[in-house]
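**Q** Okay, sequence plus prediction incoming.
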Amino acid sequence: MVKHILRNWVLIILGLLLGFSPALLAQPSPVSLSALADNSYIGQYLSHAETKPPPLPAHLTPQHFASLPWQPLSEDIPAFSYSDKDHWFHLSLKNDTQIIQQRLLEISYPPLDRIDIYVVANDRLQNQYFMGDRQPFAQRPMAHRHYVAPLLFEPGQQLDIYSLVRTSSTVTLPVKVWQTSDFYQHDSELTLLWGAFFGIMTIMVIYNLFLYSVIRDPAYLFYILYVLFTSLFVATLKGYSFQYIWPNQPAIQNTTMLISASAAMLGVSLFAKYFLHLKTTLPWGDRLFNIWLGLNALAILCDLFIPYQWMAPIQILLVILTTFSALIVGIYCWRQQVFSAHIYVIAWTCYVVGSILFGLNKLDFIPAHPITENALQIGSLLEIIILSLALADRLNAIRQEKIDMQKQAVDNLRRYELLYENALEGIFRCDLEGRIVHANPALLHHLGYSSLIAMQQAKPNLFNDVFSASDSSAHLKQALTNNGLVSDYEIKGQRLNGEDFWAAISARAITDLSDNSCYVEGFMIDVTDRKQRDKEILELNQTLESRVYERTEQLAQVNKELESFAYSVSHDLKAPLRRIDGFATMLEEDMAEKIDDSDRELLNRIKGQAHEMNDLIDGMLTLSRSSRGQLHLERINLSAMVQEICEHIRSDTTTHARFVIQPDVQAYGDRNWLHSALDNLLRNAVKFSSKKDMPVIEFGKTQQNNTEAYFVRDNGAGFNSQRADNLFVPFQRLHAQSEFEGTGIGLATVARIINRHQGKIWAEAQERKGATFYFSLRG
């Protein structure tokens with residue numbers, strides 16, 4: 001009795017433990033076939049388990065399936081992101097009728113690498129199917145692009161369907177259970193729709209290929225590239241390429257999908273560059289698409305060697321970035337009113353929306369849905385149709401542009417005819433031998449013919465008749481033959497009436513491609529009047545040169561006589577002065593004991609006036625010479641020259657002035673004359689600062705009124721700046737003779753020396769605050 005009670009408790013406890021096991025709790029209740037009559041997705045009836053992918057046993061048993069960590073699902077279409085785990089799915093179906101039922105289990109996501117389906121009935125493995133795009137297409141139970149497995153239900157029978165999914169792509173499991181007739185009807189409708197899709201794509205390729213062969217616009221070629229690889233991508237994604245193109249090559253299925261996506265983005269980038277003319281309309285957009293071109297080309301190479309699960313997220317990101325760039329660049333071009341940019345933007349908006357929905361679905365950001373699963377194809381179809389309208393608009397624009405160009409060409413031809421008929425220059429065409437074929441009225445007038453018919457009857461030869469009298473005729477013909485071009489070639493010719501004339505000819509040799517004939521065309525300007533004026537000008541120039549030469553000789557003779565006169569004046573005037581000075585000195589010495597101080601003062605005045613007169617004569621001679629003679633220009637160190645002059649001043653005078661000299665001041669000029677000018681300026685500064693307790697004389701170089709200038713500055717008496725114009729006029733003084741001695745010629749001499757050096761001299765001063773003399777030199 002006790003044993004019986006204990007056994008019952010053990011069974012109850014085991015039952016409770018097993019009843020609350022998570023795996024058993026996750027097992028869904030069987031779904032009756034009658035509940036699936038609407039042919040909708042049944043993901044909410046599935047259970048899911050994730051396991052690490054260990055090697056599976058050769059023969060799986062129902063106990064193995066029951067031991068998996070099942071979890072119920074709630075989505076209509078279960079979707080999982082990239083993972084290296086095995087995904088198990090469980091569906092329990094029950095035939096709730098009393099007749100045998102046949103159903104088709106469809107999983108409509110072709111990119112799955114491997115999908116194994118195990119059908120369990122009455123705890124026994126009834127059927128198993130091995131499919132996937134890495135498995136040969138022939139081993140599928142039904143020859144269909146999707147994964148379709150037949151299910152057979154006995155009356156009241158329950159079937160448990162277990163699916164193993166192992167893939168390098170995202171895991172999406174759109175599952176439906178079909179009645180056979182409904183499946184084939186739905187599949188035929190869907191095949192018709194996809195046939196229409198690929199038919200539209202094919203028509204677009206053929207149509208735009210024809211347009212490219214006519215127009216030769218690269219945009220059409222890149223559009224074809226984009227359409228072709230987009231079609232290949234969609235065909236691969238939907239399983240058509242594996243079913244019809246390479247059913248025995250499962251290894252290339254995933255690689256083809258990635259490569260076709262990258263190649264389509266290459267077409268997108270190139271199409272945008274050429275359709276919107278980005279190199280000129282939006283240079284930064286052109287550079288941006290150059291980047292996407294490089295990255296997508298690199299992605300194609302990487303797709304061949306890098307595993308699918310690594311490249312797929314990168315490829316999706318590149319697709320989104322490239323399409324977004326196409327849209328953004330299109331908007332910028334639309335704002336700049338680039339032709340057809342508005343249609344381009346509308347088209348790419350459709351594609352971008354579809355790409356975003358598709359990419360977000362594959363990255364598991366939004367749930368799977370028929371719209372998101374097919375968003376890329378829907379967006380692509382709309383975008384391609386709208387872009388075809390843009391290309392048609394472009395074709396119409398090209399046609400209209402061609403019409404406008406033809407109209408413009410006709411207008412230009414009319415304007416050319418008007419210019420040809422009314423041109424002042426003679427326009428001609430002749431063969432290489434010189435026989436004139438065509439000529440405008442101006443040329444007929446130049447040559448002396450009354451009409452074109454008269455000239456054609458005379459058959460003049462350009463080289464042998466018109467310019468035969470000139471030695472340059474043969475040279476002109478040779479230049480045209482060898483170089484094919486002459487420009488402003490001046491040659492002497494003869495009119496029909498025998499009158500000579502001069503012409504400037506510009507012509508070129510041209511080959512007519514229609515018959516390979518060569519001819520010369522050009523124009524001729526009558527320059528007879530100019531030649532006559534040139535001759536007269538030449539004669540006048542020769543006369544002028546002769547007169548200038550004669551005048552120069554006369555001036556040279558006058559200067560020579562003036563120099564002789566100045567020497568004579570100097571000698572004749574200085575001789576009496578020396579005698580006066582000598583007689584006064586002798587009188588002072590001989591009568592030293594007989595004359596008083598007043599007489600001695602008079603004698604000193606006589607000698608002083610004689611010396612002053614001598615200095616005045618020297619100054620006048622220097623002033624005269626400063627306007628004549630040739631300058632010997634050289635590089636001079638003015639600082640050293642000023643230092644030498646200052647030493648002479650100290651030895652000649654009793655000045656106690658302090659000299660401040662800027663070192664290494666260089667100038668380009670005549671050494672002797674610049675020495676004379678600086679000597680005058682420095683002695684002038686010493687003289688007018690002699691009454692100062694601490695006179696300071698400065699020399700240097702500075703910038704004055706944006707000009708490099710040299711200066712001599714003192715802190716002496718200064719002068720009224722309003723009278724500065726009189727400084728450089730001979731015998732003009734700004735101070736009384738009794739206040740500061742001088743001849744009144746020194747600054748005038750300095751001014752002439754500076755002027756001969758093509759420089760300028762000016763002064764700035766204030767009364768009793770000193771003066772500054774500036775001068776500039778050319779070079």
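**A** Right, received. Where do you want to start? Numbers count the residues shown, from 1 in each chain.

**Q** Quick check: beta-bridge partners of residue 526?
**A** Taking DSSP bridges as the rule, residue 526 bridges to residue 503.

**Q** now it: how far from residue 419?
**A** Using CB to CB, to the nearest Å, we find residue 526 at a distance of 18 Å from residue 419. C-beta here means a position set from N, CA and C on the backbone, and glycine is covered the same way.

**Q** do the same with residue 311
**A** Taken as CB to CB, the span from residue 311 to residue 419 is 65 Å.

**Q** Who has more neighbours out of the two?
**A** Using other CB atoms under 10 Å, the more surrounded residue of residue 311 and residue 419 is residue 311, with 23 against 12.

**Q** So the residue lying closest to residue 84 once chain neighbours are set aside: helix, strand or coil?
**A** Once flanking residues are discounted, residue 84 sits nearest to residue 53: 7.1 Å by CB to CB, 6 or more residues apart in numbering. Three-state call for residue 53 (DSSP: H, G, I helix; E, B strand; the rest coil): coil.

**Q** So residue 53 is in contact with residue 87, correct?
**A** No. Contact criterion CB atoms under 8 Å: residue 53 and residue 87 do not qualify, at 9.9 Å.

**Q** who touches both of those two?
**A** residue 166 (CB atoms under 8 Å, 6 or more residues apart in numbering).

**Q** the more surrounded of the two?
**A** Shown here are residue 53 and residue 87; by other CB under 10 Å, residue 87 has more neighbours (21 against 11).

**Q** which residues touch the more buried one?
**A** By CB under 8 Å, 6+ apart, the contact set of residue 87 is 48, 49, 50, 80, 164, 165, 166, 171, 173.

**Q** Present the residues you listed as a markdown table; the columns should include secondary structure and neighbour count.
**A** A markdown table is the format used below for these (DSSP: H, G, I helix; E, B strand; the rest coil; neighbours: other CB atoms under 10 Å):
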| residue | secondary structure | neighbour count |
| --- | --- | --- |
| 48 | strand | 23 |
| 49 | strand | 20 |
| 50 | strand | 14 |
| 80 | strand | 17 |
| 164 | strand | 20 |
| 165 | strand | 24 |
| 166 | strand | 18 |
| 171 | strand | 24 |
| 173 | coil | 25 |
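
**Q** Spit out the contact partners of the residue lying closest to residue 386 once chain neighbours are set aside.
**A** Excluding its sequence neighbours, the residue lying closest to residue 386 (CB to CB, 6+ apart) is residue 347, at 3.7 Å. Taking CB under 8 Å, 6+ apart, we find residue 347 in contact with 382, 383, 384, 386, 387, 390.

**Q** In terms of secondary structure, what does the helix or strand encompassing residue 322 contact?
**A** Element membership of residue 322, judged by DSSP states H and E, is helix 308-335. If you count contacts as 3 or more CB pairs under 8 Å, 6 or more residues apart in numbering; DSSP states H and E, helix 308-335 packs onto helix 253-275, helix 278-281, helix 283-303, helix 341-362.

**Q** So which of those is nearest residue 685?
**A** The minimum distance between residue 685 and those falls on helix 283-303, with 67.1 Å, by CB to CB.

**Q** just to revisit the earlier point, please point out which parts of the helix holding residue 322 sit buried.
**A** Buried positions in helix 308-335, judged by neighbour count with 16 or more other CB atoms under 10 Å: 308-309, 311-312, 314-316, 318-323, 325-327, 329-334.

**Q** how far off helix 341-362 does it point, in degrees?
**A** Orientation of helix 308-335 against helix 341-362 (axes from the mean of the first three to the mean of the last three CA atoms, to 10 degrees) gives an angle of 160 degrees.

**Q** thinking residue 521 is in contact with residue 432, fair?
**A** No. Counting by CB under 8 Å, residue 521 does not reach residue 432; the two are 11.7 Å apart.
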